[in-house]
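Undergrad: curious how this folds, go ahead:
(2 chains)
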Amino acid sequence: MHPELSFEQAPPIDVPFRFFLTAPLFGIAAGVLLALAGGDMLASRWTPAALAGTHLLVVGFMLQAMCGALLQFVPVAAGGNIWRPRLVATIVHPLLIVATILLATAFLSQRPMLFIGAAHGFALALGLLGIVVGVALWHTPARGPTIVALRIALVALVVTLALGIALATGIARNAEWPLLALTDLHAAWGLGGWALVLLAGVSYFVVPMFQLTPAYPAWLARGLPLALLGLLVAWSVQFAIAENSGTQGFFVGGLGVSSLFAATTLHLQHRRRRKVGDTTLLFFRTAMLALLVIFVSVLAFLALPDLRLDPRAAVWLGMLALVGVFVSAINGMLYKIVPFLNWLHLQKLCGLQALPPTMHQMIPERSMRRQFQLHLAALILLLAAVWLPVLARPAGLLFAVSCAWLGWNLLGAVNVYLRFRNRIRAGVADHRS
Amino acid sequence: MPDDLLKPPQLVVDGREMQPPEPLEKTLEGLDQLQAGAELLLLVYCHPVPLFNILRNNGYVWREDVLEDGTHEIRIRRA
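TA: Now for the predicted structure:
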């Protein structure tokens, strides 16, 4: 059974859409950066280009899409009342864009002022978003594992932000802080706390609803966010006591818990009531398989110390996490959310006077399927490029083209929305002509 | 049992194996064809709040029953 949705509280459609349409642009930028920088970029996670590319993906692609989803999802699925969503979006969206560009440029140019500028931009944007969404989530009368997950994800976002600001300040001032260990902690809170817990919380809702699967088991839905939070807190305490020593157990434990989520999602999808595959399902399966491959890879690295000490091992895990898990999941979700929002907003506009175009008419299934194939090819090539640097340029180019195609498909859906909305306003809308 | 519940519905939309918003789309299409006094039966696994808002705003009434397997039986007709 699905939880209830309350579209009466939905924000204006331009609120989530501005974030959704921006995300692919940063994916293109990350791909182009790799195509220009070549194989050297992937030699280690610490190269300036790798750090710039990583942040183009995590704050440019992922955070943009996730902020848009949060502003839509919290009022509709969590019953939270977001304060003036359009005003919040109008402030947060451009700030995030500027801060992301500053941060990527800071890594590439190593100019201290750019790090400080980016830190201020993120602090303002995410500070405002955190307060507004936090108030909504803490005042909602709704209960259940999705609410718990969203609250934990938001706390993790704030911790990630604080650690990111500390890192930016430390780099800019050349401070003698344990920056490498702090970076691990920053990445753990960002990917394991914010991104994964948010993905899980949203999945509890949208996987059964859109993919017609049974519900997630209650023990997993409740336990996963709490277990990840517990591990992250324990990791942070250990870091405060002894920096990076003894934190490996938390990393492996967190991945083990995450793998349970991935395996359960795949199992639920296997048991879905209608065995019709759609593109979102394919993206989601790719994401969950990538999450499992990360866990298997880490176990292999533990067994093979020579491999673990190779700097490319961390790049391999990062590529799997960012492109394999999160870009795949977000790409697939966007293909469901954008047409769905289009339809609901158009339906609300025209009442029973006319029927809006169907979901399938918003973005052609064939175009989504082709873009998925391109994304999959890009992911495989990117993973291969970690070990075969000669493949880095074509992999970057392929990924950029895949993101451009995603953006094109989303723009097509927006055009369908605008055309039909204008027809309704002109009073000439008829039945699905 | 009221008489109107004994009458078979003229139109049935089984939305239990459809992806959202397909059940809503089919229901609205069905309502378009529904003759005066006739009834549409919608079967879904949720409490479709967006549909109820549309029905309320467009002069329809409905009755909802939840079956043991979680199916929501919603019988809709003109007010």
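
Undergrad: tell me which helix or strand of chain B sits lowest on mean pLDDT?
TA: helix B:3-6 (a mean of 53; mean pLDDT, DSSP states H and E).

Undergrad: close to chain A, is the next helix or strand after it?
TA: Using DSSP states H and E, the helix or strand that follows helix B:3-6 in sequence is strand B:11-14. No. Against chain A, strand B:11-14 shows no contacts by C-beta under 8 Å from any C-beta of the partner chain, the least distance being 11.6 Å. Using the backbone N, CA and C atoms, a C-beta is placed for each residue, glycine as well.

Undergrad: which neighbours does strand B:11-14 have in its sheet, and in what orientation?
TA: Sheet pairing of strand B:11-14 (DSSP bridges) gives strand B:40-44 (parallel).

Undergrad: gap between the strand it pairs with and the chain center?
TA: 4 Å (C-alpha atoms, centre = their mean, to the nearest Å).

Undergrad: quick one: contacts of that strand?
TA: By C-beta atoms under 8 Å, 6 or more residues apart in numbering or on different chains, the surrounding residues in contact with strand B:40-44 are B:9-16, B:23, B:27, B:30-31, B:34, B:48, B:51, B:71-77.

Undergrad: likewise for stretch A:12-26?
TA: A:56-57, A:59-62, A:64-65, A:67-69, A:71-72, A:85-86, A:89, A:93, A:97, A:100, A:330, A:334, A:337-338, A:341-342, A:345, A:403-404, A:406-407, A:410-411, A:414, A:417.

Undergrad: I'd like the distance from that stretch to the chain centre, please.
TA: 13 Å.

Undergrad: stretch A:240-251 now?
TA: Centre to centre, stretch against its chain (C-alpha atoms, centre = their mean), the figure for stretch A:240-251 is 26 Å.

Undergrad: also stretch A:201-210?
TA: From the chain centre to the centre of stretch A:201-210 is a distance of 15 Å (C-alpha atoms, centre = their mean).

Undergrad: now look at it and say if it contacts chain B.
TA: Yes. Stretch A:201-210 lies within reach of chain B by C-beta under 8 Å from any C-beta, at A:209, A:210.

Undergrad: ok, now which ones touch the closest residue to residue A:165 other than its chain neighbours?
TA: Spatial nearest neighbour of residue A:165, chain neighbours left out: residue A:119 (4.6 Å); criterion: C-beta to C-beta, 6 or more residues apart in numbering or on different chains. Going by C-beta under 8 Å, 6+ apart, residue A:119 touches A:164, A:165, A:168, A:169.

Undergrad: and residue A:142, which of the three is it?
TA: coil (DSSP: H, G, I helix; E, B strand; the rest coil).

Undergrad: please give the element, helix or strand, for the residue in chain B positioned nearest to chain A.
TA: Residue of chain B nearest chain A, by C-beta to the nearest C-beta: residue B:46 (4.0 Å). Assigned by DSSP H and E, residue B:46 falls within no helix or strand.

Undergrad: wait, it touches residue B:71, no?
TA: No. With contact defined as C-beta atoms under 8 Å, residue B:46 does not reach residue B:71; the gap is 10.0 Å.

Undergrad: looking at those two now, which is surrounded by more residues?
TA: The residue with more neighbours, out of residue B:46 and residue B:71, is residue B:46; 20 against 17, by other C-beta atoms under 10 Å in any protein chain shown.

Undergrad: how near is the more buried one to residue A:137?
TA: With the distance defined as C-beta to C-beta, to the nearest Å, residue B:46 ends up 23 Å from residue A:137.
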